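[1] Make a model of this:
(one chain, ligands or ions: 1)
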Amino acid sequence: MTRIPERIKRLEETIAAACARAKREPADIRLVVVTKSAEIEQILEVVRLGYNHLGENRVQQLKKVSAQVAEFVEQHRDDPALPKEIHWHMIGHLQRNKVRQVLPVVSLIHSVDTLRLAEEINGSAAKLNLQPRVLLQVNTSHEPQKYGVPVGAATHLAEQIETLPYLKLIGLMTMAPLTRNKDVIRACFARARELYYEMRGEKIVGDQFTELSMGMSSDYEIAIEEGATILRIGSAIFA
Ligand SMILES: *Cc1c(COP(=O)(O)O)cnc(C)c1O
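    Residues are numbered from 1 along each chain as shown. Predicted structure coming up:
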């Protein structure tokens, strides 16, 4: 007997409570179920519950699991309870030589943090005739080993990405540091939100710039309070 339905129910309740505190609507927040630590049976169980935004942080795993899930959905086409379409999110660091493999599979890439990577995506997308949606990953924690463009360089990079015709920049992504200090976590998320509004206000980005991907199992309530529109949650569901 699995505890996944119970865990998801509790997660949805906690999300709703955080939304109420922040005077926000749960419908305005997208839950991306991060499957990197889950077995395929567990992933299919989540899909059977109707969740169809799934995230992986490694390319090989993304390709493998997305093919397995697609096969399952195809086999159960007549089941009205199952989602018809699965949207995959690439949430981890992306190497340029993997871009071409990822593009046909993903609905959103959360981890664009250099111009060279954005240019690679643009070039591959042109050849594949795709228009991938991407987020700019920002390093709001100032941890040197972390991926993400530094906050001070983010606006300029966004301007450059906006000139690339084949990719659509639709928002920002950030990760808070691993700490129990909620003030530190909140400061990271608040910085991302401020940057997001700055970019919109200064018209560096277009009307499609609507997403703030932040919040994981340990910090999603704070992320909701600070304006997250996409949560990336794994261990709260599967661990
Ligand atoms: C693993 C991962 C998550 C989910 O983390 P949990 O703590 O399991 O919820 C979110 N975002 C990224 C980039 C990840 O690698």
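[2] From now on I want contacts and neighbour counts done on CA atoms only, so please keep to that.
    Will do.
[3] Show me where this protein has its helices.
    Along the chain, the segments classed as helices by DSSP state H run 4-22, 40-48, 59-75, 99-102, 115-128, 151-162, 182-201, 220-225, 235-238.
[4] Return the most buried member of these.
    Comparing the helices of the chain on average neighbours per residue, with mean count of other C-alpha atoms under 10 Å, the densest one is helix 220-225 at a mean of 22.
[5] Which secondary structure elements does that helix sit against?
    helix 4-22, helix 182-201 (3 or more C-alpha pairs under 8 Å, 6 or more residues apart in numbering; DSSP states H and E).
[6] That one vs the ligand: in contact?
    No. Helix 220-225 is not in contact with the ligand by C-alpha under 6 Å from any ligand atom; minimum separation 8.5 Å.
[7] Just the CA atoms of that helix, as CSV, please.
    Only the C-alpha atoms of helix 220-225 are listed here, as CSV (Å, rounded to 0.1, in the frame of the first residue of the first chain):
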residue,chain,number,x,y,z
TYR,A,220,7.9,25.8,-1.0
GLU,A,221,5.7,27.6,1.6
ILE,A,222,8.1,30.5,1.7
ALA,A,223,8.3,30.5,-2.1
ILE,A,224,4.5,30.8,-2.4
GLU,A,225,4.5,33.7,0.0
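[8] residues in contact with that helix?
    14-15, 18-19, 21-22, 182, 185-186, 189, 214-215, 231 (C-alpha atoms under 8 Å, 6 or more residues apart in numbering).
[9] make it 6 Å
    Helix 220-225 is touched from outside by 18, 22, 214-215, with contacts defined as C-alpha atoms under 6 Å, 6 or more residues apart in numbering.
[10] what does the protein have sitting close to the ligand?
    34, 57, 91-92, 216-218, 232-236.
[11] Kindly reformat the helices and strands packed on helix 220-225 as TSV and extend each row with mean pLDDT.
    As requested, those are exported to TSV (pLDDT from 0 to 100):
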stretch	mean pLDDT
helix 4-22	97
helix 182-201	97
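[12] do you know which of those lies nearest residue 43?
    For the helices and strands packed on helix 220-225, proximity to residue 43 was assessed by C-alpha to C-alpha; helix 4-22 is nearest, at 9.7 Å.
[13] Any idea how far the closest one is from the middle of the chain?
    Relative to its chain's centre, helix 4-22 lies at 18 Å (C-alpha atoms, centre = their mean, to the nearest Å).
[14] Also stretch 106-122?
    In terms of C-alpha atoms, centre = their mean, the centre of stretch 106-122 is found 13 Å from the chain centre.
[15] Could you do stretch 206-220 as well?
    On the basis of C-alpha atoms, centre = their mean, stretch 206-220 sits 7 Å off its chain's mean C-alpha point.
[16] And it, what's buried?
    For stretch 206-220, the neighbour count (16 or more other C-alpha atoms under 10 Å) marks 209, 211-216, 219-220 as buried.
[17] Quick one: end-to-end distance for it.
    Across stretch 206-220, the terminal residues are separated by 27 Å (C-alpha to C-alpha, to the nearest Å).
[18] and that stretch, average pLDDT?
    For stretch 206-220, mean pLDDT rounds to 97.
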